[in-house]
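Q: Mind folding the following:
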Amino acid sequence: MSEALVNYVPATTRAVLAGFGGKVSVRLGRRDVVVSPHELPGEVEWRVDLLEWYAKRLVMNAVRLTPQARMATLAHARTALQHENGLHPLEAQAVVMSASQVLDRLGFPGLSGPPEGFLRVDGQLDRDWDALQRRYTHILAAGR
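A: Have a look, this model is predicted:
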């Protein structure tokens, strides 16, 4: 089988590939590690948290926009989440729906406030992203 660069390969896909003699490997540090074709402990919970992070990021990006710009952002987000971030179409739809529900509850004009507050939230989202990446690395390392 050939190589393909992807962000994430679900356990079901890994299992199917294994049925065809394929395997999924990732680079951890300087070593390539073969990922189990079975669901790894903590993998599903991590994925849910990742999708929640994407929804929070989307809300943060859209909360100060006009209603028309929000709709355009949400419409584009579904495609971007699939093509740029590698989410399954149903995952992308769930993220957009979750963000849309939060934005609907906030109404328009959404949240306002000093830029520093938004920068703090942005910084927290960056730290949360880094923590998600570390967590996934630990899940992969433990599943070897």
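
Q: shaky segments in this protein?
A: Across the chain, the ranges flagged by pLDDT under 70 are 1-6, 109-115, 117, 144.

Q: rerun at 90
A: For the chain, the stretches with pLDDT under 90 are 1-9, 23-34, 61, 63-69, 86, 105-122, 140-144.

Q: Just list what the longest helix seen in the chain packs against, helices and strands only.
A: When the chain is parsed with DSSP state H, its longest helix is helix 115-142. Contact here means 3 or more Cβ pairs under 8 Å, 6 or more residues apart in numbering; DSSP states H and E; on that basis helix 115-142 packs against strand 24-28, strand 31-35, helix 43-62. In short, each C-beta sits where N, CA and C put it, glycine included.

Q: Which helix or strand lies directly C-terminal to the longest one?
A: Towards the C-terminus, the helix or strand next in line after helix 43-62, according to DSSP states H and E, is helix 67-83.

Q: Could I get the buried residue list for that following helix?
A: 70, 73-74, 77-78, 81-82 (16 or more other Cβ atoms under 10 Å).

Q: tell me the most buried of the helices and strands packed on helix 115-142?
A: Scoring the helices and strands packed on helix 115-142 by mean neighbour count under mean count of other Cβ atoms under 10 Å gives helix 43-62 as the most buried, with a mean of 18.

Q: possible to save the helices and strands packed on helix 115-142 as CSV with distance to residue 103?
A: Formatted as CSV, the helices and strands packed on helix 115-142 follow (distance: least, Cβ to Cβ, whole Å):
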stretch, distance to residue 103
strand 24-28, 35
strand 31-35, 36
helix 43-62, 6
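
Q: Residue 116 is nearest to which of these?
A: Nearest to residue 116 among the helices and strands packed on helix 115-142 is helix 43-62; the distance by Cβ to Cβ comes to 14.3 Å.
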